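# Would you be able to build a 3D model of this:
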Amino acid sequence: MKMKKIGAVLAIGCLAAALALAGCSGSSGSASSGSSDSKSDSGSAYKLQTAGTLTIATSPDFPPFENMENGEYVGLDIEVGKAVAKKLGLEPKFVSLQFDAILPAISSGTQADVGISGFTVDPERAKQVDFTNSYYTDDLSIAVMNSSAVTKETVDADLNSAGVSIAVQSGTTGETYVQEHYPDARVVAYGNSNDCFAAMQAGQVSAVCTNYAVVNKMLADAYSDAKVVKSIATGEEYAIAVSQDNKALTEDINKALKELAADGTIDNLLKQYM
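Got it, this is the predicted structure:
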């Protein structure tokens, strides 16, 4: 009787251990708790604002990269975002934020999972967020009205003068360039590029400094009474911003971008929008 009882205890102990082991095996490699978690191809979990959705923050005032037309998000960055989301098996959802508010939102893990809004990779920004591999390279340009006395030959001397105001989009590389190269001019920062060009046309500023592709698009679509007086070969690499706490998401987006480049999707989008 004593031996049978000991055997029963041992059997129960073994069964409990087996069940515990099975329970551990069942949870191994799974995403962390919460419906907003997803799993990368490597098996690592990453957080999403909404389950099954890639929430993308953008400032839709930067054509041909992002803009609003008939209530719809359009542009190169928008299509890149959609293509990346599809590769990840997620539904893209775009949210509008002012440009200089996007990186803080991504860094804090609020409002969006990634930022796609003509972001140039630079060391200061990389302190806040991680950047994916680049999908586009751009430069800077400076535009003035056709009636302006500023020319390609005199642009640096004319703009680096007291009394001259230059419009830039707040938080952009254009703002940094003007601050560094035209210290005597007054830098006027706007929340979006549309306001920059409207201010120049209204005579409130003397020039606009922003990305080359944006200047060309603005002049072609709405400001035929303006001209480019300087282009600066900055070789800016555009990439997608991701929270530094979401390494697995960055890894999967890089894989998606590589596939989109290899299958010709990126090239086709560049031909369409640039």
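# Please enumerate the helices of the stretch 101-250 of the chain.
155-159, 173-181, 193-201, 212-221, 247-262 (DSSP state H, counting those that start in this stretch).
# Against Glu236, how distant is Leu270?
Using CB to CB, to the nearest Å, Leu270 is found at 15 Å from Glu236. (Each C-beta comes from the backbone N, C-alpha and C, glycine too.)
# Between these two, tell me which one has more neighbours.
A side-by-side neighbour count of Leu270 and Glu236, using other CB atoms under 10 Å, places Glu236 first with 22 against 13.
# shouldn't the more buried one be in contact with Arg125?
No. Contact status for Glu236 versus Arg125: not in contact, 11.5 Å apart, counting by CB atoms under 8 Å.
# ok, Leu140 - how many residues close by?
Residues lying near Leu140 (other CB under 10 Å) number 23.
# go on, Asp138?
Neighbours around Asp138, by other CB under 10 Å: 20.
# Contact partners for it?
Counting by CB atoms under 8 Å, 6 or more residues apart in numbering, Asp138 touches 118, 120, 211-213, 234, 236, 238.
# Need the pLDDT of it.
On the pLDDT scale, Asp138 is placed at 93.
# And the strands in the stretch 101-250 of the chain?
With DSSP state E, counting those that start in this stretch as the criterion, the stretch 101-250 of the chain has strands at 114-115, 130-131, 136-145, 165-169, 186-190, 207-211, 226-238, 241-242.
# same for the first one, what does it pack against?
Helices and strands touching strand 114-115, by 3 or more CB pairs under 8 Å, 6 or more residues apart in numbering; DSSP states H and E, are strand 53-58, helix 99-108, strand 241-242.
# got CSV for these, with mean neighbour count and mean pLDDT too?
What follows is the helices and strands packed on strand 114-115, written out as CSV (neighbours: other CB atoms under 10 Å; pLDDT from 0 to 100):
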stretch, mean neighbour count, mean pLDDT
strand 53-58, 23, 98
helix 99-108, 19, 95
strand 241-242, 26, 98
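# Tabulate the ones you listed (JSON lines), appending distance to Lys258.
As requested, the helices and strands packed on strand 114-115 are exported to JSON lines (distance: least, CB to CB, whole Å):
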{"stretch": "strand 53-58", "distance to Lys258": "17"}
{"stretch": "helix 99-108", "distance to Lys258": "22"}
{"stretch": "strand 241-242", "distance to Lys258": "16"}
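# now for those, which one comes closest to Ala85?
Nearest to Ala85 among these is strand 53-58; the distance by CB to CB comes to 4.2 Å.
# C-terminal to the closest one, what's the next element?
strand 61-62 (DSSP states H and E).
# Check the offset of that next one from the chain's centre.
The chain centre lies 13 Å from the centre of strand 61-62; the measure is CA atoms, centre = their mean, to the nearest Å.
# Also stretch 99-117?
8 Å.
# and the end-to-end length of that stretch?
End-to-end distance for stretch 99-117: 7 Å, by CA to CA, to the nearest Å.
# quick one: contacts of that stretch?
For stretch 99-117, the external contacting residues (CB under 8 Å, 6+ apart) are 47-49, 54-59, 61-62, 65-66, 77-78, 80-81, 95, 97, 119, 125, 128-129, 169-172, 191-192, 240-246, 249, 253.
# ok, the contacts of Asp138 vs Ala85, which is closest?
Closest approach between the contacts of Asp138 and Ala85, by CB to CB: Tyr238, at 17.4 Å.
# beta partners of the closest one?
Thr120, Tyr136 (DSSP bridges).
# re earlier: by neighbours, which of the contacts of Asp138 wins?
Counting neighbours by other CB under 10 Å, Gly118 leads these with 27 neighbours.
# Buried ones in stretch 243-250, by neighbour count?
Within stretch 243-250, the residues scored as buried using 16 or more other CB atoms under 10 Å are 243, 246, 248-250.
# got TSV for those residues, with pLDDT too?
Converted to TSV, those look like this (pLDDT from 0 to 100):
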residue	pLDDT
Ser243	97
Asn246	95
Ala248	96
Leu249	97
Thr250	97
